[in-house]
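Model the structure of this input:
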Amino acid sequence: MIATSGETSHSTNTICRPNFGRPKRRIVTVGLDEQKRFEDSELRNVGCLVASPDGRAKSLTIHQDANIFLSRLDNGATLNVELVKGRYAWLQVLRGSVTLNGEAMTSGDDAAIEEELKLEVSASSQSEMMLFDLT
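The predicted model follows:
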């Protein structure tokens, strides 16, 4: 199931530790100075892992059971994503326009995704998006 919202929101290109949900641990020391620059080549037409619980693949470490991906898609490019059963996803379109499993979305739109195992995101213009893989 995919539920979309057409609300417009402002976005930035700053990647930092998001704070959503309850932390996995009660006491967490947060290094507010942790930041990383992701080159365009790392983001172009792929789902680049930018934040994860274990900091794998040079991503920022967050204290949540969440993986956050950032992508910049060229016009006509398609990104296929497989989700693990029992997990949810949130897609936020930062710039441009895409289709998510055939559903049109534009800059500022978001989609809550559950009970889907495969996502197909196709860009209908130069686009940038964030995908949150959540429990």
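
quick one: the strands in this protein?
Counting by DSSP state E, the chain has these strands, from start to end: 2-5, 48-52, 60-61, 66-73, 78-82, 88-95, 97-100, 103-106, 110-113, 118-123, 127-134.

just so I know, which of those lies nearest Glu42?
strand 48-52 (5.0 Å; CB to CB). Using the backbone N, CA and C atoms, a C-beta is placed for each residue, glycine as well.

which residues make contact with the closest one from outside it?
Contacts with strand 48-52, where a contact means CB atoms under 8 Å, 6 or more residues apart in numbering, come from 15, 17-18, 36, 38, 42, 56-57, 59-62, 66-71.

That one vs strand 127-134, what angle?
With axes from the mean of the first three to the mean of the last three CA atoms, to 10 degrees defining the directions, strand 48-52 sits at 40 degrees from strand 127-134.

Could you list the paired strands of strand 48-52 along with their orientation?
strand 60-61 (parallel), strand 66-73 (antiparallel) (DSSP bridges).

Tell me the buried residues in that strand?
For strand 48-52, a neighbour-count test (16 or more other CB atoms under 10 Å) marks 48-52 as buried.

out of those residues, what pair is the most spread apart?
Once CB to CB is applied, the buried residues of strand 48-52 give Cys48 and Ser52 as the farthest pair, at 11.4 Å.

Next, Glu116: phi, psi?
phi -120, psi 140 (degrees, to the nearest 10).

That one: how many residues sit nearby?
18 (other CB atoms under 10 Å).

if I pick it, what's in contact with it?
1-2, 83, 89, 101.

Flag whichever of these scores worst on pLDDT.
Checking pLDDT across the contacts of Glu116, the minimum falls on Ile2 at 68.

Surely Ile68 is in contact with Leu131?
Yes: Ile68 is within contact range of Leu131, at 7.4 Å (criterion: CB atoms under 8 Å).

Do you know the pLDDT at Glu39?
94.

Now for it, how many residues are close by?
8.

shaky segments in the protein?
Applying pLDDT under 70 to the chain flags the ranges 2, 5-33.
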